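Engineer: Need a 3D model of the sequence below.
(2 chains, ligands or ions: 2)
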Amino acid sequence: MRPYDLAVVGAGPAGLACAVAAGRAGLRVVLVDGGPRLGGQYYRHAPPSYRATRPGVLHHGWRTFAALAAALPALDVDVRLRHRVWAAETAPDGLRLHCLAGDREETPVTFPAARLVVATGAHDRVLPFPGWDLPGVLTAGGAQALLKGELVLAGRKVVVAGTGPFLLPVAAGLAAAGARVRGVFEAGRTAGLAAHPGILLAHPGKLAEAAGYGLTLAAHRVPYRGRHAVVAAHGNTALTSVTVAKVDAGWGPIPGTERMVPCDTLAVGYGFTPQLELALQLGCATRTDADGGHIVAVDARQATDVPGVYAAGESTGVGGAPLALVEGRIAGLAAAGRPAPARLLRLRARLREFARALHAAYPVRDGWRGWLRDDTVVCRCEEVPYARLREALALGAADARSVKLLARPGMGPCQGRMCGYAVGRLAGSPEGLGHRPIAQPIRLADLARFEGDPT
Amino acid sequence: MPDVVVIGSGVVGAACAYYAARAGLTVTVVDRGPVAGGTTGAGEGNILVSDKGPGAELDLATLSARLWRDLAAEVAGGAERPFGDLVEYEPKGGLVVAETPGILNALTGLADRQRVHGVTAVAVPPEDLRAYEPHLAGGLAGGVHYPQDAQVQPMLAAAHLIRLSGARTRTGAEVTGLLRGAGGRVTGVRTARGDIPAGAVVNAAGTWAGEIAAFAGLTLPVLPRRGFILVTEPVPPLIRHKVYTAAYVAGVASDDAGLETSAVVEGTKAGTVLIGASRERVGFDRTVSLPVLARLAAQATALFPRLADVRVIRTYCGFRPYCPDHLPVIGADRRTPGLFHACGHEGAGIGLAPATGRLIAAAIGGAEPPVDPAPFLPGRFAA
Ligand SMILES: Cc1cc2nc3c(=O)[nH]c(=O)nc-3n(C[C@H](O)[C@H](O)[C@H](O)COP(=O)(O)OP(=O)(O)OC[C@H]3O[C@@H](n4cnc5c(N)ncnc54)[C@H](O)[C@@H]3O)c2cc1C
Ligand SMILES: Cc1cc2nc3c(=O)[nH]c(=O)nc-3n(C[C@H](O)[C@H](O)[C@H](O)COP(=O)(O)OP(=O)(O)OC[C@H]3O[C@@H](n4cnc5c(N)ncnc54)[C@H](O)[C@@H]3O)c2cc1C
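Structural biologist: Ligands and ions are numbered 1, 2, ... in the order given. Next comes the predicted model:
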């Protein structure tokens, strides 16, 4: 196969903006995503067969997405959806992306490219608590994805909990779509950003967006409570209620404040964890973000320290779709050897400043450990209870990897995507379990085909 | 002041701590990382007698296999469960298969010589192979069954041995030098977190043991030999034994720096299938090599066609500590009193750990060694 000038992994806001910018600069691009449609997490939308009458109604900035998607056909951009990248590697003659194409009948496909942009986004960050493994408990992002991607309401009586401003669009979306949202419980302070009025005033768009969600929630009489957390979920075979408690500044539950809230669905999210496996496979340097998570380190051009490899979007720091769009454009231009306009660089600086302020306003405090009981499952795949994790620590494990090797959290099918953050926090190592030399499961027969000539 | 400080909390250091403590010595274990975070955390945990030809290493291996079995049966330290349960000891046995009549000849010849040294080896004609392993590929020439081969979860084994030893454990403490006394005697270790004086120092730093020796001005040729393992998604039990092709025996003893692979396949209690084994000398390079992974996958599916549709979810690599003569280094370093080495076990450190621990405890305490220590002594590298 003739090498592409540029391969972009991820067709979310960052990857899309990148592919369009690079395509406009004249590059021959392949844009690869494991999902069935363009848009990534933010612009997730229902398939055309659902005949959604107003596809943009659930999204801010839908027109931006529509314009990017409409630009693709005229450019030399080869769009490959339903292509999961399981490995990325540097070769003497460029870079290679190894993918599995298709849903059920998957076929191995390799794309060679001179340059590569990692725009793999993030996944939901979850914290364990008693009962979180019950059917009916899902991630905030998962509830949002159901609504946006399938037009399905996660439940009728819903509680939204966690931390960060992302809880608001989730709750507002569910309420507007007809769910009874029993409350939004923010473990931090609801007025998190009010401590940074300057930042808010500098971002009137964000203020308006937040006000919009606030209005929706008020119209549906959804209470929004700060310093409250869901500390347990209950039900025999499925969720029937949750325990909500007041928490102190360190997120420790305040005794005597617990109350039961009946619900059939809990959407819970404590932020996002960047997906770094492809960047790590390629050997890109990482650094610690403002929220303590690990992110790909990039320079002003979004270039990593590996020649020819760039990164954009949430993989370089969780900052939301508008920042992802800007970073993607800068990366696409840089890959084409074009400087980014100063205006774009200034916008990126402002959006990053806003993201930093959000991280500072909504930190995850250690008090959540107090929600755990000995039998609370920390890793769902391997059914590892908290007690076993503590045993591992007592045996001398001192980081996420050694906890994993002694107690098995993160060894199952999801490879620590779900529990990695919590295990890392409990073990005192911020890197969690993000290192995955095989980014997606691959059949042995398909792997065997790479013998001899890997392309 | 402890009688002994052990550098390295891998399975070898753990066994040294355990047997030293059993011999009545007080022990401190230091490691720069967490417990068992080195090569032990990357091993498969096989305790093998099958892959060794007659000689000193086989004698050490048969002793060690017996010690593991005895340890497994013990209920120690107020535990409710025997040690074997805690460390997932499984006396599953090994099945070595031969692809061609020529290889089978070599394999059965090896088995004959191993039997003389106390190894139980049962020849398996081709028509009986599937009674051992129902999913094996057809067309194999035959095999040999080794009931003494067993498996442990190596990190758990190391961690529980250290716990049972009652040793003080200092993790996150890198050894940066050795303390020296009168006549150059080693009198303890210097760590990034302070000095630890001790009666004796055991160098169980695995693949990094040469660096420790260098602190005493000594040369110890322990080098890394990289190995990759593939881990599959959990599947219903498919494979009962540790199954490998006879080519593995050749690979283990080879001196080739280039890539060597042979099919080594086994199931685990968790339902995953572990697939090895590759051997290459590329320094401490952790970059994933797809051609190596592909070759491992091809060989495993050739041996067990049923695996073709099973998915790999993970891979990891480690660096076996090997010496040019493929024998571990165990015992007192004559050149430097107070310093003992327990390292260089290459691809067999988990299997050989208890016997190594016994030899070290005997050497420090001046007791009768359980096997002839001479072939393993560090003196063999003295110029
Ligand atoms: C479940 C979920 C829902 C979210 N919903 C919202 C929301 O409604 N509103 C909001 O403001 N923010 C939402 N976010 C936050 C979101 O991450 C950002 O707003 C934004 O989408 C980030 O853009 P991005 O381009 O960096 O990454 P993403 O939009 O996450 O895009 C990354 C893309 O990379 C693809 N990818 C990753 N790894 C591979 C691989 N190995 N092979 C092939 N493809 C791969 C993914 O399929 C995905 O399409 C959500 C996050 C998650 C995890
Ligand atoms: C892929 C693979 C599969 C294998 N399979 C098997 C198998 O099935 N059966 C088997 O018997 N063997 C197997 N092995 C080999 C086995 O893993 C090793 O022989 C064994 O783990 C070596 O143990 P160790 O205690 O000597 O070294 P390690 O486990 O590496 O321990 C050495 C310790 O020393 C510490 N250290 C190093 N330098 C310093 C310092 N300066 N200060 C403080 N601490 C230091 C390190 O942090 C480390 O924890 C395999 C190896 C690999 C790579």
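
Engineer: quick one, what contacts A:P36?
Structural biologist: Under the criterion of Cβ atoms under 8 Å, 6 or more residues apart in numbering or on different chains, the contact list for A:P36 reads A:P47, A:L81, A:R82. Glycine gets a C-beta too; all of them are placed from N, C-alpha and C.

Engineer: Of these - the most surrounded one?
Structural biologist: The member of the contacts of A:P36 surrounded by the most neighbours (other Cβ atoms under 10 Å in any protein chain shown) is A:R82, with 16 neighbours in all.

Engineer: and the closest residue to A:P169 other than its chain neighbours, how many neighbours?
Structural biologist: Among residues not flanking A:P169 along the chain, A:Y213 sits closest, at 5.8 Å (Cβ to Cβ, 6 or more residues apart in numbering or on different chains). When neighbours are counted by other Cβ under 10 Å, A:Y213 registers 22.

Engineer: before we move on, what about B:L259?
Structural biologist: Residue neighbour count, defined by other Cβ under 10 Å, stands at 15 for B:L259.

Engineer: that older thread, any chance you could list what contacts the host helix or strand of the residue nearest to A:P169?
Structural biologist: Taking DSSP states H and E as the definition, A:Y213 sits inside helix A:204-219. Contact with helix A:204-219 is made by A:60, A:165, A:168-169, A:171-172, A:175-176, A:181, A:184, A:200-201, A:224, A:322, A:354, as judged by Cβ under 8 Å, 6+ apart.

Engineer: give me every residue that touches whichever residue of the stretch 351-455 of chain A sits closest to ligand 1.
Structural biologist: With Cβ to the nearest ligand atom as the measure, A:A439 is the residue of the stretch 351-455 of chain A nearest to ligand 1, at 4.5 Å. Each residue near A:A439 by Cβ under 8 Å, 6+ apart is listed here: A:R84, A:V85, A:W86, A:A87, A:A88, A:E277, A:L278, A:Q281.

Engineer: now with 10 Å?
Structural biologist: The neighbourhood of A:A439, defined by Cβ atoms under 10 Å, 6 or more residues apart in numbering or on different chains, consists of A:9, A:34, A:84-88, A:98, A:120, A:275-278, A:280-281, A:415.

Engineer: what kind of secondary structure is it in?
Structural biologist: Per DSSP: H, G, I helix; E, B strand; the rest coil, the local secondary structure of A:A439 is coil.

Engineer: Backbone dihedrals for it, both of them.
Structural biologist: Note on A:A439: backbone dihedrals following degrees, to the nearest 10 are phi -70, psi -30.

Engineer: distance of the residue of chain B most remote from its centre from B:G338?
Structural biologist: Going by Cα atoms, centre = their mean, the residue of chain B most distant from its centre is B:A182, 35.6 Å out. Taking Cβ to Cβ, to the nearest Å as the criterion, B:A182 is separated from B:G338 by 10 Å.

Engineer: Please look at A:V137 and A:G269 and confirm they touch.
Structural biologist: No. With contact defined as Cβ atoms under 10 Å, A:V137 does not reach A:G269; the gap is 11.3 Å.

Engineer: that older thread, within reach of ligand 1, which of the contacts of A:A439 are there?
Structural biologist: With respect to ligand 1, and counting by Cβ under 6 Å from any ligand atom, the subset of these in contact is A:V9, A:G34, A:R84, A:V85, A:T120, A:Q275, A:L278.

Engineer: Helices of chain B, start to end?
Structural biologist: Applying DSSP state H to chain B gives helices spanning B:11-22, B:56-73, B:83-86, B:101-115, B:129-132, B:154-165, B:209-215, B:247-252, B:290-303, B:349-365.

Engineer: quick one: low-confidence ranges for the stretch 351-455 of chain A?
Structural biologist: The stretch 351-455 of chain A contains residues with pLDDT under 70 at A:431, A:451-455.

Engineer: Can you name the residue of it nearest to ligand 2?
Structural biologist: Across the stretch 351-455 of chain A, the shortest distance to ligand 2 (Cβ to the nearest ligand atom) belongs to A:S402, at 9.7 Å.

Engineer: That residue contacts B:L156, correct?
Structural biologist: No. No contact is recorded between A:S402 and B:L156 when judged using Cβ under 10 Å, the distance being 11.2 Å.

Engineer: ok so, going back, of the ones next to ligand 1 among the contacts of A:A439, closest to B:V144?
Structural biologist: Within these, proximity to B:V144 (Cβ to Cβ) peaks at A:R84, which comes in at 41.7 Å.

Engineer: Please identify the buried residues of the helix holding A:Y213?
Structural biologist: Across helix A:204-219, burial judged by 16 or more other Cβ atoms under 10 Å in any protein chain shown covers A:K206, A:E209, A:A210, A:Y213, A:T216, A:L217.

Engineer: Then stretch A:71-82?
Structural biologist: When neighbours are counted by 16+ other Cβ under 10 Å, the buried residues of stretch A:71-82 are found to be A:A71, A:L72, A:L75, A:V77, A:D78, A:V79, A:R80, A:R82.

Engineer: So is it next to chain B?
Structural biologist: No. Taking Cβ under 10 Å from any Cβ of the partner chain as the criterion, stretch A:71-82 and chain B are apart, separated by no less than 17.1 Å.

Engineer: Give me the contacts around that stretch.
Structural biologist: Under the criterion Cβ under 10 Å, 6+ apart, residues A:4-8, A:11, A:16, A:19-38, A:69, A:97, A:99-103, A:106, A:109, A:111 lie in contact with stretch A:71-82.

Engineer: Would you enumerate the residues in contact with the residue in the stretch 101-250 of chain A that ligand 1 sits nearest to?
Structural biologist: Sorted by distance to ligand 1 under Cβ to the nearest ligand atom, the residues of the stretch 101-250 of chain A start with A:G121, at 2.2 Å. By Cβ under 10 Å, 6+ apart, the contact set of A:G121 is A:9-15, A:33, A:40-42, A:272, A:274-275, A:313-315, A:318, A:324.

Engineer: From the buried residues of helix A:204-219, which one has the minimum pLDDT?
Structural biologist: The member of those with the lowest pLDDT is A:K206, and it reads 77.

Engineer: Next secondary structure after the helix or strand containing A:E353?
Structural biologist: When elements are assigned from DSSP H and E, A:E353 belongs to helix A:342-361. On the C-terminal side of helix A:342-361, the closest following helix or strand by DSSP H and E is strand A:377-379.

Engineer: Just confirm yes or no for whichever helix or strand comes after that following strand near chain B.
Structural biologist: Taking DSSP H and E as the definition, the helix or strand that follows strand A:377-379 towards the C-terminus is strand A:384-385. No. Under the criterion of Cβ under 10 Å from any Cβ, chain B is not reached by strand A:384-385; the shortest gap measures 11.1 Å.

Engineer: contact partners of strand A:384-385?
Structural biologist: Among residues not part of strand A:384-385, those counted as contacts by Cβ under 10 Å, 6+ apart are A:128, A:372-379, A:391-392, A:403-404, A:407-412, A:419, A:423.

Engineer: and B:P101, how many neighbours does it have?
Structural biologist: Other residues lying near B:P101 total 10 when counted by other Cβ under 10 Å.

Engineer: Check the contact between it and B:A141; I expect there is one.
Structural biologist: Yes. Assessed by Cβ under 10 Å, B:P101 is found in contact with B:A141 at 4.9 Å.

Engineer: who touches both of those two?
Structural biologist: Taking Cβ under 10 Å, 6+ apart as the contact definition, B:P101 and B:A141 share the neighbouring residues B:P126.

Engineer: Grab the nearest non-local neighbour of the closest residue to ligand 2 within the stretch 101-250 of chain A.
Structural biologist: Nearest residue of the stretch 101-250 of chain A to ligand 2 (Cβ to the nearest ligand atom) works out as A:P108 at 24.9 Å. Counting by Cβ to Cβ, 6+ apart, A:D446 is the residue found nearest to A:P108 once chain neighbours are left out, at 4.8 Å.

Engineer: any residues touching whichever helix or strand that neighbour is part of, and which ones?
Structural biologist: Element membership of A:D446, judged by DSSP H and E, is helix A:444-448. In this structure, residues lying in contact with helix A:444-448 by Cβ under 10 Å, 6+ apart are A:86-87, A:98, A:100, A:106-108, A:438, A:442, B:230, B:232, B:273, B:275, B:290, B:293-302, B:304-312, B:315.
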